[in-house]
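Student: predicted model, plus sequence, below.
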Amino acid sequence: MLKKLLFLLPLVLPTLLYLIYALAQHWRRVAAGGEPPPQWWEEAPWLWLALSGVVLLGIALGTWALVFDGASPDTIYIPPRFEDGEIVPGRMVPVEPE
């Protein structure tokens, strides 16, 4: 779940914040004068929103790589397996010296 949020949230966050801002402005205009508001979704800076989402995703992935450096090179991965009716989770184990 955390990995999904790591990818989706930075991509969607700029657009989500802009949409909240645009809707707030729309409601403010309607409440103040009742005049028909412009088509704000046609005027939205979609290119800038997409680029800022990609930049935020790059920052998030870079931070992820710096914080979680992974397993040591002298370990091997044992994948999950089904044993005695239960799933035994995967794990990293050190390589035994020869």
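Tutor: Cool, got the structure. Residues are numbered from 1 along each chain as shown.
Student: just the helices in this protein please.
Tutor: 2-33, 40-43, 46-67 (DSSP state H).
Student: how about residues contacting stretch 3-20?
Tutor: By CB atoms under 8 Å, 6 or more residues apart in numbering, the surrounding residues in contact with stretch 3-20 are 44-45, 49-50, 52-54, 56-57, 59-61, 64. Glycine gets a C-beta too; all of them are placed from N, C-alpha and C.
Student: just send the helices of the chain back as TSV, with mean neighbour count and mean pLDDT too.
Tutor: Below are the helices of the chain laid out as TSV (neighbours: other CB atoms under 10 Å; pLDDT from 0 to 100):
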stretch	mean neighbour count	mean pLDDT
helix 2-33	13	81
helix 40-43	10	70
helix 46-67	13	86
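Student: can you redo the ones you listed as a markdown table with distance to Asp74?
Tutor: Listed next are the helices of the chain as a markdown table, based on distance: least, CB to CB, whole Å:
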| stretch | distance to Asp74 |
| --- | --- |
| helix 2-33 | 25 |
| helix 40-43 | 54 |
| helix 46-67 | 20 |
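Student: ok, which of those helices comes nearest Asp84?
Tutor: Checking those against Asp84 by CB to CB gives helix 2-33 as the closest, at 29.6 Å.
Student: and the angle from the closest one to helix 46-67?
Tutor: Helix 2-33 runs at 150 degrees relative to helix 46-67, counting by axes from the mean of the first three to the mean of the last three CA atoms, to 10 degrees.
Student: and of the contacts of stretch 3-20, the nearest to Arg81?
Tutor: Using CB to CB, the shortest approach to Arg81 within the contacts of stretch 3-20 belongs to Trp64, at 27.7 Å.
Student: thanks a lot, see you next time.
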